[in-house]
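Novice: Sequence and predicted structure, then a few things I'm wondering about:
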Amino acid sequence: MSGAREKKRAKKMRNQPASVTLPAEPGPFAGGGSRACPPPGDVRSEQQHQQQKFSNQSAGPSYRKDQYFPKGQSRGERARGRGGWQGGCQSVSEEMPKYITVSTFAQARAAEINAMLKAVSQKSSNSLVFQTLPRHMRRRAMSHNIKRLPRRLQEMARKEAEKAVHQKKEQSKTKCRKARRRHINLVAEFNRRQRKNIWLETHIWHAKRFHMVKKWGYCLGNSPTEKSYRACYRAMTKHCLLQDLSYYCCLELTGKENELLKQLTRICSIDTGLTFQEACCLSGRFEGSLNLYRADRYPEEMLGPVTFIWRPRDGSEHRQLWIWVHPALKQDILRELKAIFQCSEPEEICITEPVTTSIQEEKEMEVVMSPGKKRKKEDKEGEKVVPVKKIIGDGTRDPFQSYSWISQTTGIGISDRSMEILRYRLIGPLSHSVLTETLKAASVQTEMADSETELNNWWVENCKDSEKVSLHQCQSAIFELLEGMSSPSEMPAGTILGLTVGDPRINLPKKKTKAMPDFEKYQDKVRQLYLEGVPLDCAHSFIWDQDICKNVTENKISEQDLNHMRAQLLVPGSHLDLGPCESKIPILLVQQPGKMAGEDRPGWGSGWDIYLPKGWGMAFWIPFIYQGVRVGGLQEALKHSEYQRTPHTPNDFPDCQAGRQFAKELETSLLEQFKRRPPAKRANYVKLGTLSPFICPWGQLTKNWEGRMKASGGFVRPSSSHPECCTTEGHNYCDPKAEVVREASPETGEVEETMEITSSEGALKPEDVTSTHDLGERDETKTSDFIVLRSEKLLMQLSAWCYPTAGKDRRIRLISRLGQKEMTEDVFLPILTSYPRALVWVNLSLLRKGNPELHAMICIPTEDDLLHLSKDKLFCGPQEPKHRDIFKDKVQRQKEEKKKKKKGGMKALEGDPLSVPDKDTTEDHKDLILGLWSDALPDVTSHCSRTVLGYVTRGDFSLAAGCGEALGFVSLTGLIYMLYNQPADKKGLVLLRTPASLQYRFARLNIEV
């Protein structure tokens, strides 16, 4: 074999398996022949010889001449004459074995054949079948047309095409924008997108103008995209702000009045204010608000705040009650109501039209096009398909989930009417002017407009009754008087007015206008309305009847038909008079009193709530917009309650399940935001003395204050006057001992004081220490170990004690006017005995500059702080000395251990027992974060130089007060301790410190009832 052939053969055999053996090429051996076979009778040596030979060849072609020709023999000598070849053949025949073992020989050949078949069947590359053909045999259509391939390769190509990798992706059938923007396709797409989170009827309007968030199972507008912070405040103060509160849930209770009140009194208390059996609310004339607790568990295990409306009596014992709850509280309250009324069996199951799946929607969206004809939707059988309906109300419910329950023993029925009744809120002094300009009372109708439809048939039947007609005229007259009022706060709090109005789309103005009141038009009649209020009969509304609401929703005139009627007017832009064809909508107006507690800004934030049947959301929303109102979202609602200094649901209810869940989610989001910043660009809260910057440890706070009082044995004034040391009377309960360390600053050379926290091992008691993880686990398994004081009598007593009784701001007459007692031990010790672990809702106003933030600490000033303030009126407050970061070395050690693990140095650590960290230490350092307190929380009250009294839940610069204001909770025990030890002219003064600052600032603490 020539050298070129040998190289070519070696190249072919390079990728062959080692088990494949082929006959050897004749080579120049001694005697003029080639050694093709081993000595006779040695089959194994033959196999080894062949494998060794071809394994050497498979290593790659070699171009050395001496690899193929031995020394002394050249290419010419090898090719000289035929004698060499003949000699080679003779030598081969001479060396052929005389005897072989058949079984061994057959096994060796079978292995070679199997290896050959395997090498032929397996592909040696990732190329497809048609890519292995020579270039002159390839065709472009081979990639998608298998018949273009040779027949011997078609079967293999067919198997490749069946694999999922090579399958073509299905392209959407409605790719173009024109098809996607068709109304039928838009509705189907919107129905699909609101399966997980319910959309309000104003969702599309909000989504174009608001930042949307997904909360409580709804998709809600959080804040406007435009700059409108001050504009919204001006609207609440001078004009009108509009909010969509349709996400609030309505629970309807029906049954006998005595049975309802008997069980409802178990979940509320008269100490907190109103109850369900309040006379003015029970008649249906006013709306009431209260706090619900678990049955017979007051003041523990709170469920949350609610508002309620009784349907006016109609002469029978059967009553109807609406309870409006926040969606975060709905499940807990509904579960408790079903438990006290023993409603276990569902009354009926809501079988709604199921939302079509994406496959069904795609099939329904297929259209059959023919030239010259309109598009017609047809299904497979050719029949017309039912058009996709827009979801309104509770269309997103699970069709197999019950929404109504009835008690077999008492006959009480509970219905979940969420999204069945829409609710809008108008806030501001001109909200009633917006109502009177937008809505017009319905005209009396005694004949049907069209006998074929059921439009307004309920209204025609009621208009035949003279008493109901006179009641409607009385309601209309009172509604018109609202135009002459200067503010909704002039009406009695919670006034209810029922009304039936016409279609507000008819009275839509040509351009946006600003609704203004007319004080002179109804001046005398408005005075009479102030004195007498709205009569009881005028609180009646047809919105309580579900059949009427269903009729109104189903027979609404569409926007398309309304625009078609406007186009047929002789004078474009003139008023459209529908006559008897105009829809009649029953509504309910409820007055919101605004700010009622405190002495400043009474009635601020008052307005009206309007209740509508479902399906009419946008029909009322757009006319309100055309009257110049400004729309707000969740953030504007939060600011509204902040300026009223009232708790916001569920943020400011830490003793209920929804409040704990909100705090946990807020902590998670703040922690993730903290981790996203590099360590050099974020605050070190350990050095700042902030134990818990992302969540308020209410349970730890109340527990530590209870322990301080038990350890001291009473209220003793602090003996030490050094303001920089943590030396209050409860220092024994402060496990990490605070020591003041004086260090010289490297830059200025001045002496700086830092708080050094030293904790001895074994000094921490397990019952006195709570970690942040333990707080979360305990909240899930157990109810909160603290309560929030909501007794109006005790809150009024505390409010009177917070005012100075001497000096420039004394309020001696206030205490005597309210009939409150002086602050003595005989008065407040029984309070502490009854409520050892209680929180009190307070509001704080900064005396000087400063802007309080979330989770700021409310602290007790020392005697030196108050003395410094009395000497210098411009004194802002003391400063907290820096603390030493005791976790810095541990965090650094943890980083080094991680680096060693990455580099593979764990084997060296295992060999050295001294360098191996303990199992406990590695678990403790697992979640170490630089700048955060990673160990169990010590005593939160005495960790800093000023004793911590409470925490801020909301704080910002107040546009209403013109200074920084904050809302939060303080410990009842700590508050009484502070007021008892403060001078008479300094009562109610506290210190505020934000989590990322060392500066304390003076603030005035008030309790408004």
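Specialist: Looks like it arrived, so ask away.
Novice: rest of the way, CA atoms for contacts and neighbours
Specialist: Will do.
Novice: mind checking the SS state of the closest residue to residue 955 other than its chain neighbours?
Specialist: Nearest non-adjacent residue to residue 955, counting by CA to CA, 6 or more residues apart in numbering: residue 966, 4.0 Å away. Secondary structure, DSSP: H, G, I helix; E, B strand; the rest coil: residue 966 is strand.
Novice: quick one, what contacts residue 966?
Specialist: Residue 966 makes contacts with 843-845, 852-853, 952-956, as judged by CA atoms under 8 Å, 6 or more residues apart in numbering.
Novice: Can you turn the buried part of those residues into a ChimeraX selection?
Specialist: Here is the ChimeraX selection string for the buried members of the contacts of residue 966, based on 16 or more other CA atoms under 10 Å:
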select :843,844,845,852,853,952,953,954,955,956
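Novice: between the contacts of residue 966, which is closest to residue 687?
Specialist: Taking CA to CA as the measure, residue 687 lies nearest residue 853 of those, at 18.7 Å.
Novice: mind listing the helices for the stretch 851-1000 of the chain?
Specialist: 863-871, 888-902, 906-911, 919-924, 972-981 (DSSP state H, counting those that start in this stretch).
Novice: Residue 468 against residue 462, yeah?
Specialist: Yes. Using CA atoms under 8 Å, residue 468 is in contact with residue 462, at 6.5 Å.
Novice: Between these two, which has more neighbouring residues?
Specialist: residue 462 (16 against 12; other CA atoms under 10 Å).
Novice: Touching, that one and residue 470? I think so.
Specialist: No. Under the criterion of CA under 8 Å, residue 462 is not in contact with residue 470, lying 11.1 Å apart.
Novice: ok, the residue nearest the centre of the chain to residue 156 distance?
Specialist: Nearest to the mean C-alpha position of the chain, by CA atoms, centre = their mean, lies residue 215 at 4.6 Å. Distance check for residue 215 against residue 156: by CA to CA, to the nearest Å, it reads 54 Å.
Novice: Ok, residue 256 next?
Specialist: Counting by CA to CA, the gap from residue 256 to residue 156 is 79 Å.
Novice: Ok, residue 448 next?
Specialist: Residue 448 is 76 Å from residue 156, by CA to CA.
Novice: Neighbour count for these two, which is higher?
Specialist: Shown here are residue 448 and residue 156; by other CA under 10 Å, residue 448 has more neighbours (18 against 14).
Novice: Let me know the average pLDDT across stretch 942-956.
Specialist: Across stretch 942-956, the average pLDDT comes to 92.
Novice: Excluding chain neighbours, what is closest to residue 613?
Specialist: Among residues not flanking residue 613 along the chain, residue 421 sits closest, at 5.1 Å (CA to CA, 6+ apart).
Novice: ok, now residue 322?
Specialist: In this structure, residue 322 finds its nearest non-sequential neighbour in residue 252, 4.7 Å apart by CA to CA, 6+ apart.
Novice: quick one: secondary structure of the one you found?
Specialist: Under the three-state scheme (three-state DSSP), residue 252 adopts strand.
Novice: contacting residues for it?
Specialist: 320-323, 413-417.
Novice: beta partners of it?
Specialist: residue 322, residue 415 (DSSP bridges).
Novice: Which pLDDT does the model give it?
Specialist: Here, the pLDDT recorded for residue 252 equals 93.
Novice: Same check on residue 781?
Specialist: 37.
Novice: just residue 81 next, same as before
Specialist: So, for residue 81, pLDDT stands at 44.
Novice: Check residue 186 too.
Specialist: We have a pLDDT of 86 for residue 186.
Novice: so it makes contact with residue 179?
Specialist: No. Taking CA under 8 Å as the definition, residue 186 is not a contact partner of residue 179, at 9.2 Å.
Novice: what about the closest residue to residue 617 other than its chain neighbours, neighbour count?
Specialist: Closest residue to residue 617 apart from its sequence neighbours, by CA to CA, 6+ apart: residue 201 at 5.7 Å. By the criterion of other CA under 10 Å, residue 201 has 22 neighbours.
Novice: Check the gap between residue 201 and residue 457 for me.
Specialist: For residue 201, the distance to residue 457 - CA to CA - is 26 Å.
Novice: repeat for residue 886
Specialist: From residue 886 to residue 457 the distance is 78 Å (CA to CA).
Novice: which one of these two has more residues nearby?
Specialist: Per other CA under 10 Å, whichever of residue 886 and residue 457 has more neighbours is residue 457, with 21 against 16.
Novice: residues near residue 871, how many?
Specialist: Counted with other CA under 10 Å, residues neighbouring residue 871 total 9.
Novice: meant to ask about residue 800
Specialist: 25.
Novice: Quick check: it is in a strand.
Specialist: No. Looking at residue 800 with three-state DSSP, it is helix, so not inside a strand.
Novice: Looks like it contacts residue 820 (just checking).
Specialist: Yes. Assessed by CA under 8 Å, residue 800 is found in contact with residue 820 at 7.2 Å.
Novice: Start and end of stretch 836-850, how far apart?
Specialist: Start-to-end, stretch 836-850 (CA to CA) is 33 Å.
Novice: what's next to it, contact-wise?
Specialist: 645, 702-703, 706, 785-790, 874, 876, 963-973, 1001-1008.
Novice: sorry, back to before: with respect to residue 552, which of the helices of the stretch 851-1000 of the chain lies nearest?
Specialist: Short answer: helix 972-981, nearest of the helices of the stretch 851-1000 of the chain by CA to CA, at 52.5 Å.
Novice: So which bits of that closest one are buried?
Specialist: Neighbour count says helix 972-981 has 972-980 buried, by 16+ other CA under 10 Å.
Novice: from these, which single one is nearest residue 403?
Specialist: residue 972 (41.6 Å).
Novice: Cool, thanks, talk later.
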